[in-house]
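Visitor: Give me a 3D structure for the following:
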Amino acid sequence: MRDVRLKSADDIARIREAGLIIAEIFAELSVEDLESRTTLDIDRFIEERIHRRRARPSFKTIRRYDHASCISLNNEIVHGIPSKNKLVRAGDLVKIDIGVVRNGYFADGCVTFPVEPVRERAALLVRTAEEALNLAIPLLRAGNRLGDLGAAIQSLAESRGFSVVRDFSGHGVGFAVHEQPLVPHFGRKGTGLVIEEGMVLAIEPMINEGVPDVLSLPDGWTVVTADGRLSAQFEHTVAVTSKGPVVLTA
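Guide: Numbering: from 1, shown residues only. Purely as a prediction, here's the structure:
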């Protein structure tokens, strides 16, 4: 626990300022037509709007990463690098992960945008990833354990024939892009670290259509499904308060 940095009410309010920027950008993206746009063009759209709100892209504070977002298509699970050579097409699942730092405070969020028309199983995968996140958030209460979240996410995903990525976890956030603790999206109820008031956690279940196994591409960033099937992800930054969980990126 000594590595977990708890946040004060003032800290949480400041993280919320960064989180609101992410929420506003996702609201704008939700009414944009992503089809036929490159992922680099979408990234530039995001970065311009972060700067417009007098904030900075927090992902640019990560060594050797030069973009405001990660944009992962279809079988890309996470850390997709925006590129002028990646064109969004009808039927794609577009995972957009945004990090913002404002006045030294960090927030993180991700949304999967289905570019219609998508096949029925793909649509269910997206709904399941979002529902898994929404199922986990109410469990972020002092006294519960991180395994409670993982068990809920895993149970929902597997009940629908999907799998949960094991190789990547949620994490603490607020004073940096990534902090302790790690937050697995699978596990057993009643196990894991005890949740404490003042924790701020990025919960980001990655749900695969097929097997949970992953492969890393030679670019050093992009992670894909081992079987080439689809993946979906949603993420919120959530504070544990005396009144229960508070979503800071909504």
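Visitor: Poorly predicted segments of this structure, please.
Guide: Residue ranges of the chain with pLDDT under 70: 1-2.
Visitor: helices or strands next to the longest helix seen in the chain in the packing?
Guide: Taking DSSP state H as the criterion, the chain has its longest helix at helix 9-30. Helix 9-30 makes packing contacts with helix 39-52, strand 93-102, strand 105-114, strand 200-203, strand 236-241, strand 244-247 when contacts are defined by 3 or more C-beta pairs under 8 Å, 6 or more residues apart in numbering; DSSP states H and E. No exception for glycine: its C-beta is placed from N, CA and C like everyone else's.
Visitor: residues making contact with the first one?
Guide: For helix 39-52, the external contacting residues (C-beta atoms under 8 Å, 6 or more residues apart in numbering) are 21, 24-25, 28-29, 32, 34, 56-57, 67-69, 71, 73, 80, 82-84, 86, 88, 94, 96, 98, 100.
Visitor: what about that helix, distance to the chain center?
Guide: The chain centre lies 18 Å from the centre of helix 39-52; the measure is C-alpha atoms, centre = their mean, to the nearest Å.
Visitor: which other residues reach the following helix or strand past it?
Guide: Under the assignment DSSP states H and E, the closest C-terminal helix or strand after helix 39-52 is strand 56-57. With contact meaning C-beta under 8 Å, 6+ apart, strand 56-57 is reached by 46-47, 50, 67-69, 98-102.
Visitor: Quick check: next helix or strand after strand 56-57?
Guide: strand 69-73.
Visitor: Within its sheet, name the partner strands of that next one and how each one runs.
Guide: Paired strands of strand 69-73, with direction, are strand 93-102 (antiparallel) (DSSP bridges).
Visitor: angle of the strand it pairs with against strand 105-114?
Guide: 160 degrees (axes from the mean of the first three to the mean of the last three C-alpha atoms, to 10 degrees).
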